[in-house]
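> Test case, fold it:
(one chain, ligands or ions: 2)
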Amino acid sequence: MENILAGVATTQGIDELIKLLLGDGYQVIGPSAENNVIQKKEITSVEDLPKGYTDSQAPGHYALKRDSSSPELFSWAVGPASFKDNLFPSKSTLFEGKITKSDVSISQKEPFSQKVCFFGIRPCEVAAMAVLGRVMAGGPYQDPQAKSVRENSLVIAVECGYPAENCFCTSFDTGPMADEGCDIIITEITEGEHRFLLRSGSDTGHHILNRLNYKSALPEDVSARDRVIAKSISQIGKSIDAENTPSMLARNLSSHVWSDIARRCLSCGNCTMVCPTCFCASFEHSNGLENDFSVTRRWDSCFDTAHSYIHGGSVRTSTASKYRQWMTHKLSTWVDQFNEIGCVGCGRCITWCPVGIDITEEVAKIAESESK
Ligand code: SF4
Ligand code: SF4
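Ligands and ions are numbered 1, 2, ... in the order given. Model prediction:
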């Protein structure tokens, strides 16, 4: 369905929305300022939201600060924690079993069935959940946890009024405005009276908003929202050429830029851990003393030498080959595999890289080296 304008709320109205969701049995997971970063946690009221916080991000840099006089609830960009682990937990037991003299019993963990609301989620995050969801549960072999979360979750997105220096969502149409995949879309407006414009993007979202007594939106509320988005777009300075980069990278697997990156890259894997779409995993088979066994899946990274181990040794041992694998998968071979790019431009890999390697700059250098 098309987004339907539902009304205008105050901060109190946002609290009423959270309380209504809790009353409907949703576990509400939303943003909160914890340990000097914007985190996500279970929230129960508007008081849990990071009121007055802004962030500053640059390659290899993140800092949060608070203005206690600011009424704004969403004046920050994405923090390190994405919603990836809700679809794809960092550690999960896939199977458990027991062997007896006459039988082998295997049980699979029940998929998560709680109704969850992802509240205050950024548009790039909604896009990342869709990209990861297609990997985990979009094909013939579906991960039960990811499938269950996709089916049981309610998505309430907040459009971005404060993109960070490392954001480049505009390259992939994944922000700063929200559209597909959202049940409810909120835009915080500070021009004039502090307020929130609410739109529904699904029948479920529409019915929820209809139960709240919001003021009708006026044309000036809609044009104020459009100015929030236009300002955000004008502030986004980084970009990747989504159309030409996949083929450009495929032609440049021998570029000298890979070894230049390797001189700076620590192979720490931070970029893969914070990335909301990276899905490398390793599997651990354990046997207990009671003839029991289990299979556990953990997040892994293509920067780990052991991750590319096949019979006889690892395929990728140099840092240059690991970084090339990571970037070319994200921006080139993902298209061959899933018919879309595997990056949503959230900028986390740039912010949380301890040496400040910037994927947008490295892509530009490879393109430039080809043209020389
Ligand atoms: S590659 Fe970087 S910018 Fe792209 S989705 Fe992953 S963390 Fe975000
Ligand atoms: S690019 Fe940065 S975050 Fe990624 S492995 Fe290299 S040093 Fe670590």
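
> domain ranges for the chain?
Listed by automatic domain parsing, the domain ranges of the chain are 4-235, 245-371.

> Between these, which one is closest to ligand 2.
domain 245-371 (3.3 Å; Cβ to the nearest ligand atom). In this view, the C-beta of every residue, glycine as well, is placed from N, C-alpha and C.

> Can you get me the start-to-end distance on the closest one?
Terminal residues of domain 245-371 lie 13 Å apart, using Cα to Cα, to the nearest Å.

> just to revisit the earlier point, reformat the domains of the chain as CSV; add mean neighbour count and mean pLDDT.
As requested, the domains of the chain are exported to CSV (neighbours: other Cβ atoms under 10 Å; pLDDT from 0 to 100):
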stretch, mean neighbour count, mean pLDDT
domain 4-235, 18, 94
domain 245-371, 17, 96
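
> Reformat the ones you listed as a markdown table; add distance to ligand 1.
Below are these laid out as a markdown table (distance: least, Cβ to the nearest ligand atom, whole Å):
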| stretch | distance to ligand 1 |
| --- | --- |
| domain 4-235 | 6 |
| domain 245-371 | 3 |
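
> All the helices of the stretch 51-200 of the chain, residue numbers only.
Counting by DSSP state H, counting those that start in this stretch, one finds helices in the stretch 51-200 of the chain at the ranges 84-87, 123-137, 144-152.

> helices and strands around the first one, which ones?
To tie it back to what came earlier, the one meant is helix 84-87. Under the contact criterion of 3 or more Cβ pairs under 8 Å, 6 or more residues apart in numbering; DSSP states H and E, helix 84-87 touches helix 123-137, helix 144-152.

> now with 6 Å?
If you count contacts as 3 or more Cβ pairs under 6 Å, 6 or more residues apart in numbering; DSSP states H and E, helix 84-87 packs onto helix 144-152.

> Show me what the helix it packs on is packed against.
helix 84-87, helix 123-137.

> And the contacts of the first one?
So the one you mean is helix 84-87. For helix 84-87, the external contacting residues (Cβ atoms under 6 Å, 6 or more residues apart in numbering) are 132, 136, 146, 149, 276.

> Could you do the last one as well?
Where contact means Cβ under 6 Å, 6+ apart, the residues beyond helix 123-137 that reach it are 83, 87-88, 143, 146-147, 150, 155, 157, 169, 174-175, 178, 181-182, 276-277, 279, 344, 346.

> re the thing from before, mind putting the helices of the stretch 51-200 of the chain into a markdown table with distance to ligand 2?
Output for those, formatted as a markdown table (distance: least, Cβ to the nearest ligand atom, whole Å):
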| stretch | distance to ligand 2 |
| --- | --- |
| helix 84-87 | 16 |
| helix 123-137 | 17 |
| helix 144-152 | 25 |
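
> could those go into a markdown table alongside distance to Leu266?
Listed next are these as a markdown table, based on distance: least, Cβ to Cβ, whole Å:
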| stretch | distance to Leu266 |
| --- | --- |
| helix 84-87 | 22 |
| helix 123-137 | 24 |
| helix 144-152 | 30 |
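
> Run the chain-centre distance for the longest helix anywhere in the chain.
Criterion DSSP state H: the longest helix present in the chain is helix 219-235. Computed by Cα atoms, centre = their mean, to the nearest Å, the chain-centroid distance of helix 219-235 equals 23 Å.

> cool, and stretch 331-338?
Counting by Cα atoms, centre = their mean, stretch 331-338 comes out at 18 Å from the chain centroid.

> does it come close to ligand 2?
No. Applying Cβ under 6 Å from any ligand atom, one finds stretch 331-338 separated from ligand 2 by no less than 13.9 Å.

> go on, stretch 153-172?
No. Using Cβ under 6 Å from any ligand atom, stretch 153-172 never reaches ligand 2; the gap is at least 12.7 Å.

> which other residues reach stretch 42-51?
Contacts for stretch 42-51 (Cβ under 6 Å, 6+ apart): 11, 14-15, 18, 28-33, 38, 73.

> start to end distance for that stretch?
Using Cα to Cα, first and last residues of stretch 42-51 are 16 Å apart.

> residues in the stretch 151-300 of the chain within reach of ligand 2, list them.
Residues of the stretch 151-300 of the chain lying close to ligand 2 by Cβ under 6 Å from any ligand atom are 265-271.

> Including secondary structure, could those go into CSV?
Below are those laid out as CSV (DSSP: H, G, I helix; E, B strand; the rest coil):
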residue, secondary structure
Cys265, coil
Leu266, coil
Ser267, coil
Cys268, coil
Gly269, coil
Asn270, helix
Cys271, helix
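
> Would you tell me which of the helices and strands packed on helix 144-152 gets closest to Ser301?
helix 84-87 (13.1 Å; Cβ to Cβ).

> Export only the CA atoms of the closest one, formatted as CSV.
The C-alpha trace of helix 84-87 is given here as CSV (Å, rounded to 0.1, in the frame of the first residue of the first chain):
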residue,chain,number,x,y,z
LYS,A,84,21.5,-7.7,12.1
ASP,A,85,21.6,-9.8,15.2
ASN,A,86,17.8,-9.9,15.5
LEU,A,87,17.7,-11.8,12.2
